[in-house]
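> Pasted the sequence and its predicted model underneath.
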Amino acid sequence: MTADRRKLVIGVIGAGDASPDGLQCAYRVGQLLAERGAVLVCGGLGGIMEAAARGCAEAGGEVIGILPGDSPARANSYVSLPIVTDMGHARNVIIAHTARALIAIEGSYGTISEMAVGLKLRKLVIQLLPRTELPGTILLRTAEEAVDRALAVGEGRAHERFR
């Protein structure tokens, strides 16, 4: 398969203990990614990850779950491709490397670590409903804006912040 035939992979990261607004936003992001033909990559567990995965799966999309543990059975039920790492939080680096752009919804330390790695890799990092604003990220208000921006960069229609 040539590079231009590969599906675009967008990361959705965020709180395991998400608010109702965060869950609704994540669901919509996942849904939009699937509708636009992108693949969602996430940490494969609960909260924002599960809501985004559910939105993506219910819209017919593919979900890659980069799991912290040693069993694919721990992935939420919407993950179509579980990747077992047995690396704990270090799996956050894999998520940041795998995604063409990252959309962060709420979140705390784990999410901040993923955003920081994404920024270090010079990737577009978008925040929705941030609990803590991280310098270098782009703050947007809606799922639609976030997906449009992430896909524009991923498809080469716009430039990333640092490139």
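Everything's here; your move.

> can you give me the helices for the chain?
20-35, 48-58, 91-98, 109-120, 143-154 (DSSP state H).

> now for the third one, which elements pack on it?
With contacts defined as 3 or more C-beta pairs under 8 Å, 6 or more residues apart in numbering; DSSP states H and E, the packing partners of helix 91-98 are strand 9-14, strand 39-42, strand 63-67, helix 109-120. Glycine gets a C-beta too; all of them are placed from N, C-alpha and C.

> need the ones you listed in TSV with distance to Y27, mean neighbour count and mean pLDDT, can you?
Listed next are the helices and strands packed on helix 91-98 as TSV, based on distance: least, C-beta to C-beta, whole Å; neighbours: other C-beta atoms under 10 Å; pLDDT from 0 to 100:
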stretch	distance to Y27	mean neighbour count	mean pLDDT
strand 9-14	10	29	98
strand 39-42	11	28	98
strand 63-67	12	25	98
helix 109-120	17	19	97
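
> Ok, which of the ones you listed comes nearest D148?
strand 9-14 (11.4 Å; C-beta to C-beta).

> For that closest one, which helices and strands make contact with it?
By 3+ C-beta pairs under 8 Å, 6+ apart, strand 9-14 packs against helix 20-35, strand 39-42, helix 48-58, helix 91-98, strand 101-105, helix 109-120, helix 143-154.
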